[in-house]
Structures are given as structure tokens and as C-alpha cells.
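[1] Make a model of this:
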Amino acid sequence: MAAWMTLDEVKQTLGVRQQTVYAYVSRGRIGVSPDPEDSRRSLYRAEDVSALVRRKETGRTRETLATTTLFGAEPSIPTSIATFAGGRPYYRGVDVVELSATATLEDAARLLWNMADTPAFAPQAPLDIVSTLPAGRIRAFTELAALTATGHSTRGRVPRVLHGEAAALVGRIGGAFGASPDSDAPLHERLARGWGQSRTFAALLRKTLVLLADHEITSSAFSARITASTGASLPACLLAGLTTFSGPLHGDASGRVRALFDEVERDGADAVIDRYLSSAMPLPGFGHHIYPDGDPRAASLMADFKPPAAIGRLIERVVTLTGQLPTMDVALATLAARYKLPADAAFAMFATARSVGLLAHGMEQLGVDSIIRPRGRYTGPSAAQAPDPRKAKRRTR
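    Purely as a prediction, here's the structure:
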């Protein structure tokens, strides 16, 4: 089989529509590359297509799950933190979109951390190691790394103490991304003040942070839980989650949307959309596999403010031409563009909010009292097939 396939070949092989191929690409299931013979087209990695074919042929039987998932015949992690039902997200049984109408991130933390009282994300004095760094992700990750190096294990510590440490960590993350340190106001107000924004924006930010606080067992939540299962410190759990979260296919996906908006500003919405669609390239930030009828978080947030004209035109045309609705990545990037926020503000909002969820998963995992240690399913050469290292050594003399 050739290394790359055309869009028509992929559609025929998988028996799916063009939009489904785009969805596979956007979720990282099929690799894509420009066609060297025609810059208007894309080619798709044949190996990835073959893997999808094998998965279809094998099916999702209990026996298959036992050999293809991390947890044998049970491909899931028990959690009472968050879930999805009827195309909507829930935090401990509470509709997230409805909660976001009035709640703060502190309120969401009380719910997700299963606390009796609402925590305060008080300003924290920055560590000396970051005192000269500007606000942003470098400062946030550097500070968490330093705390990880000296942090205390979560073992043998009561929930009240862990909740206090978790709240301080969220306050520290907010400060690293520019939250004002001069008051005991809710974190969304201090972030808005630190970014020089109005009360109108602060209200939108409050809602945004609640909508983003958790999203069930994401790859970053899984990383945080793995770390927690070893007894590592809370800063280590949060750092593990946020480093996974920083990938462009996860929490930093809004960066790809921002790049798309830059193209729109330079070339115009119509030209950009035509270029993407004629090249069979999926537009980043549109369509979500969990929400086939549209991301309700994005719809709720974007109903509260008007996007810049060019971005509004882009969203309208993409929805009309593809049927794919905007996700929270589009909503975040649009909010940042509308209020002319700092370049990394979309990631800052997402990372600050999701810190609450990552810490919730880390603390919940402590109750399992067992290390997450999946077994590998070895696919390499057998011992009889492996080269003799002694013979290889003699040949190099």
C-alpha cells in the first residue's frame, strides 16, 4: 500500500462521507499532509486509514476490549466528577451550562472537589525563581515545576488539607497568567483587572471559567490521575495534567483557531474558507465528537457577545458549508479577539479553569489507593528472532 491516499480513496476505503474524514483528522486519528503535486489538495496517511479499517473489522466486543484497552475488559475510569448526557456536560449531576449562568470558578471548585464550603483562590506571592518572568505559560509551568521538586506526597493527608493546598495552587496559576494580586475578589475579577478589562468582560470570563473547569476523563485528567496514583504531590499532579493539556490537539487547540483567525484578518473569510475546503483540510475548532449537535458550552458563551465582523462571517460560512458547529476553542479565540486580550489569553483562561478539574481528578484518584500501571501488549520480535548482541559486538571490532 502507498504511504498516502487521496480523499476519494479514504472515503471509499472507510465507506464514510467527506465530513467524517475531516472529523477523523481533527481528532488526530488520520494524519494529513499537503499534496506535493497539487497544493490545493491534501493527502492522508494510509497506515492510519488501515488501522481504522482493522478496528471496524474487529469490532468492540468484550474480548477485543480486553486486548486493546488499558484496563482489560473495562475501558473506563470510575468517576463521580463529571459526565455527559443528552449532548450536555454535567458536574456531579449539575448541568454545566445552567451552572455557568451564575456560578464562579470558586463555586465550581466547591462542587467538583466535593467540599462543604466554597474555597478562595487567594493571591500567592510568586516564587523567587519566577520573579523576573512576565505573566504567561512559561511562568506558570516554571513555578509548578519548582513546587513539584519540593512538594509533599498526598499520602496520609486529610482532604481538608489537600483542598487548602489545591486552592492555593489555582490562585498561583491565576497569578502566573496575570491576575491582579491586590484584592481578595473572585479569580475572574482579578484576571480581568490584571488584563485591563471592564466589568462586562469580567462577567463573560466568570462564565467561561465555569464552562471550562472540567470535561470528564480527558488525556490531561488521565495524566493527572496516573501521577496521583503514585502518591506524588498535588503540584506534580497539576503539572502532569497541564503539560498534557498544552498539546495542540487538546487544551492549546485554541492556538490553531487563532492562527486561522490571523489568516482571515489577512486574506478575508471567504478566501480562507475556499482555500481550506478546496484542499480538503478540516477547519480547526469546528465539530466535536462528543457533541454531534453542537458544543452547548460554546453556543451559550457566544450568545453573550458579538464577534468581530470577519470572524462572525467565517463562523457563519463554515457552519453553512460544512454543517460543523463551533467548539469552545472557537469561542475562546473569538472572545480573545473581541476584547483584544494578550496573545496567550485563550490558553490562560483554559488552563486556569481546567486546573480545578485536574486537581479534582487527582484528589479523587487518591481514594482508589492503587497505582495505575497498565501492561504492554508486546508486538516486537520474539527472543528467538532478536539479534544476538554478542555477534553484533564482534562485527564492530
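
[2] Could you list which residues are in contact with residue 201?
    By CB atoms under 8 Å, 6 or more residues apart in numbering, the residues touching residue 201 are 192, 195, 339. To be clear about C-beta, it is placed using only N, CA and C from the backbone, and glycine gets the same treatment.

[3] Go again with 6 Å.
    192, 339 (CB atoms under 6 Å, 6 or more residues apart in numbering).

[4] The helix or strand hosting it: how far from the chain's middle?
    Assigned by DSSP states H and E, residue 201 belongs to helix 199-212. How far helix 199-212 lies from its chain's middle: 18 Å, per CA atoms, centre = their mean, to the nearest Å.

[5] How about stretch 348-367?
    12 Å.

[6] Quick one: mean pLDDT for it?
    The pLDDT scores in stretch 348-367 average 96.

[7] distance of residue 294 from residue 207?
    17 Å (CB to CB, to the nearest Å).

[8] Could you do residue 194 as well?
    According to CB to CB, residue 194 and residue 207 sit 18 Å apart.

[9] which one of the two has more residues nearby?
    residue 207 (22 against 18; other CB atoms under 10 Å).

[10] Spatially, what comes nearest to the more buried one if we skip its sequence neighbours?
    In this structure, residue 207 finds its nearest non-sequential neighbour in residue 100, 4.7 Å apart by CB to CB, 6 or more residues apart in numbering.

[11] Give me the neighbour count for the one you found.
    The burial count for residue 100: 22, using other CB under 10 Å.

[12] these two touch, right, it and residue 211?
    Yes. The criterion here is CB atoms under 6 Å, and residue 100 meets it with residue 211 at 5.0 Å.

[13] any idea which helix or strand carries residue 40?
    Residue 40 belongs to strand 38-45, assigned by DSSP H and E.

[14] Quick check: which helices or strands does that strand pack against?
    For strand 38-45, the packing partners by 3 or more CB pairs under 6 Å, 6 or more residues apart in numbering; DSSP states H and E come out as strand 32-35.

[15] 8 Å - rerun?
    Judged by 3 or more CB pairs under 8 Å, 6 or more residues apart in numbering; DSSP states H and E, the packing partners of strand 38-45 are strand 4-5, helix 7-14, strand 32-35, helix 269-278.

[16] Using CSV, write out the CA atom coordinates for it.
    Taking Å, rounded to 0.1, in the frame of the first residue of the first chain, the C-alpha atoms of strand 38-45 are listed here in CSV:
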residue,chain,number,x,y,z
ASP,A,38,-1.2,20.0,-6.1
SER,A,39,-1.1,22.5,-3.2
ARG,A,40,-4.9,22.7,-3.2
ARG,A,41,-5.3,19.1,-2.1
SER,A,42,-4.3,17.1,0.9
LEU,A,43,-3.1,13.5,1.2
TYR,A,44,-4.0,11.2,4.1
ARG,A,45,-1.7,8.7,5.9
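
[17] strand partners of it, parallel vs antiparallel please.
    Note on strand 38-45: by DSSP bridges, its sheet partners are strand 4-5 (antiparallel), strand 32-35 (antiparallel).

[18] need the helix or strand of the chain with the lowest average pLDDT.
    helix 62-68 (a mean of 48; mean pLDDT, DSSP states H and E).

[19] Following the chain onward from it, which element is next?
    Per DSSP H and E, the helix or strand that comes after helix 62-68 is strand 82-85.

[20] Give me the sheet partners of that next one and which way each runs.
    strand 88-91 (antiparallel).

[21] For the strand it pairs with, the averaged confidence score.
    Here the average pLDDT along strand 88-91 is 95.

[22] How far away from the center of its chain is it?
    For strand 88-91 - counting by CA atoms, centre = their mean - the centre lies 16 Å from the chain centre.

[23] continuing past that strand, what's the next helix or strand?
    strand 94-95.

[24] Could you export the helices and strands packed on strand 38-45 as TSV, including mean pLDDT, mean neighbour count and distance to residue 376?
    Formatted as TSV, those follow (pLDDT from 0 to 100; neighbours: other CB atoms under 10 Å; distance: least, CB to CB, whole Å):
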stretch	mean pLDDT	mean neighbour count	distance to residue 376
strand 4-5	88	20	29
helix 7-14	90	16	28
strand 32-35	78	15	29
helix 269-278	89	17	39
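
[25] can I get these in TSV with distance to residue 320?
    Below are these laid out as TSV (distance: least, CB to CB, whole Å):
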stretch	distance to residue 320
strand 4-5	28
helix 7-14	21
strand 32-35	23
helix 269-278	10
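
[26] Looking at these, which is nearest to residue 163?
    Distance to residue 163, taken as CB to CB, is lowest for strand 32-35 among those, at 44.0 Å.

[27] Residue ranges in this structure under the pLDDT threshold?
    Residue ranges of the chain with pLDDT under 70: 1-2, 26, 39, 57-75, 383, 386, 388-389, 391-397.

[28] Got the domain ranges for it?
    4-68, 81-372 (automatic domain parsing).

[29] Just give the nearest non-adjacent residue to residue 109, would you?
    residue 356 (4.7 Å).

[30] Burial check on the one you found, number of neighbours?
    31.

[31] Next, show the common contact partners of residue 100 and residue 211.
    297, 300.

[32] Render the CA-only coordinates of the helix or strand hosting residue 353 in CSV, please.
    Assigned by DSSP H and E, residue 353 belongs to helix 345-366. The C-alpha trace of helix 345-366 is given here as CSV (Å, rounded to 0.1, in the frame of the first residue of the first chain):
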residue,chain,number,x,y,z
ALA,A,345,-5.1,34.6,26.9
ALA,A,346,-7.2,31.8,25.4
PHE,A,347,-4.7,29.2,26.8
ALA,A,348,-4.5,31.1,30.1
MET,A,349,-8.3,31.0,30.5
PHE,A,350,-8.5,27.3,29.6
ALA,A,351,-5.5,26.3,31.8
THR,A,352,-6.6,28.3,34.8
ALA,A,353,-10.1,26.9,34.7
ARG,A,354,-9.1,23.3,34.0
SER,A,355,-6.7,23.4,36.9
VAL,A,356,-9.8,23.0,39.1
GLY,A,357,-10.8,19.8,37.2
LEU,A,358,-7.3,18.3,37.1
LEU,A,359,-7.0,18.7,40.8
ALA,A,360,-10.4,17.2,41.3
HIS,A,361,-9.3,14.1,39.3
GLY,A,362,-6.0,13.9,41.2
MET,A,363,-7.8,14.0,44.6
GLU,A,364,-10.5,11.5,43.6
GLN,A,365,-7.8,9.1,42.4
LEU,A,366,-6.3,9.0,45.9
